[in-house]
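*Asks:* Need coordinates for the below:
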Amino acid sequence: MVNKLFLIMLIIGLPLSVVGTLLHWPTVLMFIIYCLTIITLAGYMGRATESLAIVMGPRIGGLLNATFGNAVELIISIFSLKAGLIGIVLASLTGSIIGNLLLVGGLSFLIGGIKYKRQPFNVHDARNNAALLIFAVVVAFVIPEVFSSNMTAQETMNLSVAVSIILIILYLATLFFKLFTHRGVYPSSHEEESTTHEEEPEWGKGKAIIILALATLAVAYVSENLVHTFSEVGETFGWTELFIGVIIVAIVGNAAEHASAVLMALKNKMDVAVEIAVGSTLQVAMFVAPVLVLVSLLFETSMPLVFTWPELISMVTAVFLTIMISIDGESNWFEGLALLAAYLIMGVGFYLL
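*Replies:* This next block holds a predicted model:
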């Protein structure tokens, strides 16, 4: 039923996106069409990566899901940088991090926890991810903000570039650690990995890869047009750049991960669900954000890795709350509700700011 609905939305949404752009339909209407089309395309990306996850295993599957889920946001952010919307890009990175940890993680824990009393996941991965989250968000994001107060704009940009390069190198080392040198060293306490191969993927490996490629190209086209609607939509609804970036762009850009993580939690595959939520956060902080800093050097306005204090405090709070809840290697519905409550409080704050 859901798949048929997504197919209908895609058949209607993609042509409307093209026709509406060419005929210059009202901006607010096109904003809604673009967002729904991107969410639909993200759904197809999520289904394709889920098929690949069944073939390749939960860890690689979760990484693939996070990567292609973040590809949507990366594309939107690059076009935003090109348009000079630095505030929206930084806000969308903030929204992606708190959205993945609190909204995606919270929904997964809540909905999965309603069906199952307790849901175990790999405690060793949880502890390793906790250290990386503290490094990526608390250290790498806070340090440039603290030091920039005594620096010129060029010195701040130089510091941002240096931090970005270090983050990318460490992220690549993290992948090497998880997928090669220590793959299988810390097995899950759950039997998920032993049963994953028995599932039948929705699509074959070749078809899934083709759908991923086509969906990514379509997202790139729609995203470029979406970016041009932000200013007028913000004025119409009274939304600030900060709110558009933290809430709207982050939710639209991460739609594939939201759906996939919740689906995995419903199937009691919490290793994959946690890998999507936390792994995606790490990818945003350690790869997407640094790449955007380096890419911004190619445009007229470069983007330093300097967030506002409300953004920083929200991200740090989300990190520590997630760590405290997930460090024991199991989840329940109440912990999910606590994460969602924190997200709602931050959302109201950004709306009123």
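
*Asks:* what's the closest non-adjacent residue to residue 134?
*Replies:* Leaving out its chain neighbours, the residue that sits closest to residue 134 by C-beta to C-beta, 6 or more residues apart in numbering is residue 319, at 6.6 Å. The way it works is simple: take the backbone N, C-alpha and C, and place the C-beta from them, glycine included.

*Asks:* no no, residue 287
*Replies:* Using C-beta to C-beta, 6+ apart and skipping residues adjacent in sequence, the residue nearest residue 287 is residue 171, 4.8 Å away.

*Asks:* Mind giving me the packing neighbours of the one helix or strand the one you found maps to?
*Replies:* Residue 171 belongs to helix 153-176 when elements are defined using DSSP states H and E. Counting contacts by 3 or more C-beta pairs under 8 Å, 6 or more residues apart in numbering; DSSP states H and E, helix 153-176 is packed against helix 142-148, helix 270-283, helix 289-296.

*Asks:* In that helix, which residues are buried?
*Replies:* 156-157, 159-161, 163-164, 167-168, 170-171, 174 (16 or more other C-beta atoms under 10 Å).

*Asks:* Which of these sits closest to residue 45?
*Replies:* Nearest to residue 45 among those, counting by C-beta to C-beta, is residue 171 at 21.1 Å.

*Asks:* doesn't residue 283 make contact with that closest one?
*Replies:* Yes. Under the criterion of C-beta atoms under 8 Å, residue 171 makes contact with residue 283 at 7.2 Å.

*Asks:* Contacts only, for residue 108.
*Replies:* Neighbour list for residue 108: 261-262, 264-265, 270, 273-274, 277, 331, 336 [criterion: C-beta atoms under 8 Å, 6 or more residues apart in numbering].

*Asks:* So it versus residue 260, what's the distance?
*Replies:* Counting by C-beta to C-beta, to the nearest Å, the separation of residue 108 from residue 260 is 10 Å.

*Asks:* and if you look at residue 147?
*Replies:* The gap separating residue 147 from residue 260 is 37 Å, by C-beta to C-beta.

*Asks:* Of the two, which one has the most company?
*Replies:* Between residue 147 and residue 260, residue 260 has the larger neighbour count (other C-beta atoms under 10 Å), namely 31 against 14.

*Asks:* pLDDT score for the closest residue to the more buried one other than its chain neighbours?
*Replies:* Spatial nearest neighbour of residue 260, excluding adjacent residues (C-beta to C-beta, 6+ apart): residue 46 at 4.2 Å. We have a pLDDT of 74 for residue 46.

*Asks:* Use 8 as the first number for this chain going forward.
*Replies:* Noted, 8 is the first residue going forward, which turns the last one into residue 53.

*Asks:* which SSE is residue 56 in?
*Replies:* helix 34-63.

*Asks:* So which bits of that helix are buried?
*Replies:* Buried-residue list, helix 34-63, by 16+ other C-beta under 10 Å: 34, 37-38, 40-63.

*Asks:* which residue ranges form the strands in this protein?
*Replies:* Residue ranges of the strands in the chain, as given by DSSP state E, are 126-127, 337-338.

*Asks:* So, low pLDDT: which residues of this structure?
*Replies:* 8-9, 64-66, 68-69, 72-73, 76, 189-206, 260, 262-264 (pLDDT under 70).

*Asks:* mind checking the end-to-end distance for stretch 325-341?
*Replies:* Start and end residues of stretch 325-341 are separated by 16 Å (C-alpha to C-alpha, to the nearest Å).

*Asks:* ok so, going back, so the residue nearest to residue 267 sits against residue 269, correct?
*Replies:* No. In this structure, residue 53 is not within contact of residue 269 by C-beta under 8 Å, at 10.2 Å.

*Asks:* Kindly format the C-alpha coordinates of stretch 118-129 as CSV.
*Replies:* Output of stretch 118-129 as CSV, limited to C-alpha atoms (Å, rounded to 0.1, in the frame of the first residue of the first chain):
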residue,chain,number,x,y,z
ILE,A,118,7.9,2.5,17.5
GLY,A,119,10.2,-0.6,17.9
GLY,A,120,9.8,-0.4,21.6
ILE,A,121,6.0,-0.5,21.4
LYS,A,122,6.2,-3.8,19.6
TYR,A,123,9.1,-5.3,21.6
LYS,A,124,9.7,-4.8,25.4
ARG,A,125,13.5,-4.4,24.9
GLN,A,126,15.6,-4.3,21.8
PRO,A,127,19.3,-5.1,22.1
PHE,A,128,21.9,-3.9,19.7
ASN,A,129,25.7,-4.1,19.5
